[in-house]
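> Predicted model, plus sequence, below.
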Amino acid sequence: LGRDPELRYTATGSPVANFSVAANRRYTAQDGQRVEETIWFRVTAWGNLAEIVHQFLRKGMAVYVEGRLVPDLNTGTPRTFKRRDGSIGASYEVRAETLRILSGRRDANEADTATAEIAVATDPVLDEDIPF
């Protein structure tokens, strides 16, 4: 997690939590150089899962998130933005459906702690939602 989850409530009282997760990839390019990529995802959890996320997750923890990608409603692609240096970036949003805590926050005197999977159905998946 890149930051502690933020919990808020909609006008109808539904809880929603937002947090960010980094996905890292390491590989060796054709020229022999080691390459490290980091892609940040904005994650949104709803309902009971939002409350659990807010209660148990903290910055620095390792988590596994399953869900669906939420595209920009105008373009159908990831949201794009212009950075301060003028380059273009993309923002990926995931609506969490299942979450597994892989480890506790790393501390000098504390080992990683594994916990159970948290799976809360936030809404049913309809056949028309599946792209294949």
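That came through, no problem.
> Could I get the contacting residues of the residue lying farthest from the centre of the chain?
Distance from the centre of the chain peaks at residue 31, with 32.1 Å (CA atoms, centre = their mean). Counting by CB atoms under 8 Å, 6 or more residues apart in numbering, residue 31 makes contact with nothing. Heads up, the C-betas are built off the backbone N, CA and C, glycines and all.
> what does residue 34 give?
For residue 34, the contacting residues are 26, 27, 28, by CB under 8 Å, 6+ apart.
> Wait, a helix at residue 48?
Yes - membership of residue 48 in a helix is supported by DSSP: H, G, I helix; E, B strand; the rest coil.
> Could you report the neighbour count for it?
13 (other CB atoms under 10 Å).
> any idea how far residue 103 is from the most centrally placed residue in the chain?
With distances taken as CA atoms, centre = their mean, the residue of the chain nearest its centroid is residue 43 (3.6 Å). Residue 43 sits 17 Å away from residue 103, going by CB to CB, to the nearest Å.
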